[in-house]
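**Student:** need a 3D model of the following:
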Amino acid sequence: MWEFTPELLVILGAFLAAFVVGAAGFGDALVAAGLWLHFLPPVEAAPLIVMTGLCIHAIALWRLWGHLDFTHLAPFLGLGVLGVPLGTWALAHLAAEPFKLAVGGFLIAYGGGLLVFRNPPRIGAGGRTLDAVAGGIGGVLGGLAGMSGAVPAVWCGLRGWPRDRARGVSQPYILVMHALSLAAMAYAGLLTPRVTATFVWAVPAIVIGTSAGIALYRRLDESLFRRLVLVVLTAAGATLIV
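**Tutor:** So this is what the prediction gives:
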């Protein structure tokens, strides 16, 4: 009889997270956390999720570098970097659950609602200032709930940007947020030999899953890519609420 051992669940979670990121450009944290938090303590699951996500996004960026549009990235990173420590501070000093429920409800309403529209609303005003605000909010959510990519993905959708521009924002943005989180975890002593050894188990699945997801991404047109992003955002909202 087939038995799902912790080692197998680590490999499965890494593959699924990598596949989703390869196809949609974000979503690794929600997929991995949905599996790993069932059998790993948070002090082990959190650094494993960040290490896995960092590796996934690095591979995806390397594979897609020549196809992505990075011209709108800078404002997102500017405030995003400042938002991460603010979110971490809020996690330690404020009640995180009401915030998570509110963000989760918004993502479900946004993702689920726009799935039924052929022509979703577009926001052209605000320029780089509002782009920076979206990046800052994403950074706060990353520090608070480990889901920095959701808000930039929503904002890119509201801007109506093509998929290569949207990924040119979300993919490197999440990579930088993961790098900051990993540095903070290393400083806190969370990168133990056990966590590192568990991560090594996941590396082959990360490489295979990312490649499979990118193969799907290259087959998607703009409409199918938009719908895939909305599905992942809806799932992210449900994860925050549950």
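**Student:** so for whichever strand or helix holds Ile49, mean pLDDT?
**Tutor:** Per DSSP states H and E: Ile49 is located in helix 42-64. Mean per-residue pLDDT for helix 42-64: 89.
**Student:** same check on stretch 103-122?
**Tutor:** 76.
**Student:** same check, this time on stretch 232-242
**Tutor:** 77.
**Student:** other residues contacting that stretch?
**Tutor:** Here stretch 232-242 makes contact (C-beta atoms under 8 Å, 6 or more residues apart in numbering) with 20, 24, 26-27, 30, 33-34, 100-101, 103-112, 115, 145, 147, 150, 153-154. (Glycine included, C-beta is placed from N, CA and C.)
**Student:** how about the secondary structure of Asp69?
**Tutor:** coil (DSSP: H, G, I helix; E, B strand; the rest coil).
**Student:** tell me the contacts of it?
**Tutor:** Pro162, Asp164, Arg165, Gly168.
**Student:** redo these as TSV? Include neighbour count.
**Tutor:** Listed next are these as TSV, based on neighbours: other C-beta atoms under 10 Å:
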residue	neighbour count
Pro162	14
Asp164	16
Arg165	18
Gly168	24
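**Student:** greatest separation within these: which pair is it?
**Tutor:** Of all pairs drawn from these, the widest gap by C-beta to C-beta lies between Pro162 and Gly168 and measures 9.6 Å.
**Student:** quick check: next helix or strand after the helix-or-strand element of the chain with minimal mean pLDDT?
**Tutor:** The weakest-scoring helix or strand in the chain, judged by mean pLDDT, DSSP states H and E, is helix 96-114 (a mean of 76). Next helix or strand after helix 96-114 toward the C-terminus (DSSP H and E): helix 127-145.
**Student:** what does that next one rub up against?
**Tutor:** Contacts of helix 127-145 (C-beta under 8 Å, 6+ apart): 72, 74-91, 96, 99-100, 103, 123, 126, 147-152, 154-155, 173, 177, 181, 240.
**Student:** how far does that helix sit from its chain's centre?
**Tutor:** Mean-position distance between helix 127-145 and its chain equals 13 Å (C-alpha atoms, centre = their mean, to the nearest Å).
**Student:** tell me what angle that helix forms with helix 42-64.
**Tutor:** Helix 127-145 and helix 42-64 meet at an angle of 140 degrees, taking axes from the mean of the first three to the mean of the last three C-alpha atoms, to 10 degrees as the criterion.
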